[in-house]
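Enquirer: Sequence plus predicted model, see below.
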Amino acid sequence: MNPAYHMTVEQAKSLLEINTNDLLIAEDAYKKLRRKLQNRLNMPGTTPEQREETIDKLSQIARAIDTIRQTAASQNSTSGASQQPPNFANSTPPQPKPFSSGNVQPTPTQSYYPHRSTPSSGWGQFVSFCQTAGFILHMLFKFIWVPTVFISQQLARLFAGISNSIRYSAVCNVLACISLISVSLAGVGSVVLMLAMKVPTAQVRVLAVPWCHVSVDGEELGVSGQAEPFYLREGEHVLELRTDTGQTLDKHITLSRHSETIIRANFQNETVTISGGHNNVNKSQNSGL
């Protein structure tokens, strides 16, 4: 394309594939086309003729976006210059409406200070704000300090009543919290005690000749001669010892909490010997079954 060639707006819009004079839309279309053409240049296998055609296309869309930018700038400058300031010399100022005392009533203004005629001034508003803030802080901290020198007797009695009610309500809340915590601790303690009573703490060791299977209350616990003891709950239990040959020995045992009981069984003599059981006091019971 000839560099001296002047491009029109319509030709620029045709190159950018848009149908509007909006500069934002034109800029967006230009960016998309430029990205597309640059990707085409970087594609492998492009012939020199195709590269030359793509470069020419890039130059054309660059001239097109410049044309649209110049057109938009000239339109903005023209529209800004066409605005003329209003002619105040020839205009008629607005005329105020006549005041009628019979239809309009004066509005009384609230004055916080009798000697000041402008309560809405900055200093008056600041003083009013300080008074309001001081009154609120006084209400909040009255139960700590009662400045009866700066307030009237009626306000002092009112604030004293409020302070007493706050003190009484605080004491009631503390007592209620203490009662609730006591009841909760008592309930938790009872639950923990019940659970502790169900935990097996009695230790039972079984030594048998020959070795045998150990069952307590119908539940098999293991075999005799183990290094670790069996843990059972306190109370009465039925102990059953059974060999692989089918020979059995039964015994009623009574266990206490945290006791250690040793049971020795001899299937040849059919005897069972119990040592310990009640609070670690040694007992010996021999029985032939």
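Expert: That came in fine, so what should we check first?

Enquirer: same for the host helix or strand of I263, what does it pack against?
Expert: For I263, the host element (DSSP states H and E) is strand 260-266. With contacts defined as 3 or more C-beta pairs under 8 Å, 6 or more residues apart in numbering; DSSP states H and E, strand 260-266 has these neighbours: strand 202-209, strand 248-255, strand 271-276. Heads up, the C-betas are built off the backbone N, CA and C, glycines and all.

Enquirer: Wait, a strand at Q226?
Expert: No: Q226 is assigned coil when assessed by DSSP: H, G, I helix; E, B strand; the rest coil, not a strand.

Enquirer: Show me what counts as buried in the strand or helix carrying Q70.
Expert: Assessed by DSSP H and E, Q70 sits inside helix 48-82. Applying a neighbour-count criterion of 16 or more other C-beta atoms under 10 Å, one finds 54, 57, 60-61, 63-65, 67-68, 71-72 buried in helix 48-82.

Enquirer: again with stretch 10-29
Expert: If you call a residue buried by 16+ other C-beta under 10 Å, then stretch 10-29 has these buried ones: 12-13, 15-16, 18, 23, 26, 29.

Enquirer: what two of those are the furthest from one another?
Expert: L15 and L23 (15.3 Å; C-beta to C-beta).

Enquirer: which residue ranges form the helices in the stretch 1-150 of the chain?
Expert: Assigned by DSSP state H, counting those that start in this stretch, the stretch 1-150 of the chain shows helices spanning 9-16, 23-41, 48-82, 122-140.

Enquirer: between those helices, which one is nearest to C212?
Expert: Closest to C212 of the helices of the stretch 1-150 of the chain, according to C-beta to C-beta: helix 122-140, at 80.9 Å.

Enquirer: which stretches of the stretch 101-250 of the chain have low pLDDT?
Expert: Scanning the stretch 101-250 of the chain for pLDDT under 70 picks out the ranges 101-125, 127, 130, 138-172, 193-198.

Enquirer: now the helices and strands packed on strand 260-266 as a markdown table including mean neighbour count and distance to G218?
Expert: Below are the helices and strands packed on strand 260-266 laid out as a markdown table (neighbours: other C-beta atoms under 10 Å; distance: least, C-beta to C-beta, whole Å):
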| stretch | mean neighbour count | distance to G218 |
| --- | --- | --- |
| strand 202-209 | 20 | 16 |
| strand 248-255 | 17 | 11 |
| strand 271-276 | 18 | 18 |
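
Enquirer: Relative to G225, which of these is closest?
Expert: Closest approach to G225 among the helices and strands packed on strand 260-266 (C-beta to C-beta): strand 202-209, 6.1 Å.

Enquirer: which residues sit against the strand holding I263?
Expert: Strand 260-266 is contacted from outside by 202-209, 212, 224, 229, 239, 241, 249, 251, 253, 255, 271-277, 280, using C-beta atoms under 8 Å, 6 or more residues apart in numbering.

Enquirer: In its sheet, which strands sit next to that strand, and in what direction?
Expert: strand 202-209 (parallel), strand 271-276 (antiparallel) (DSSP bridges).
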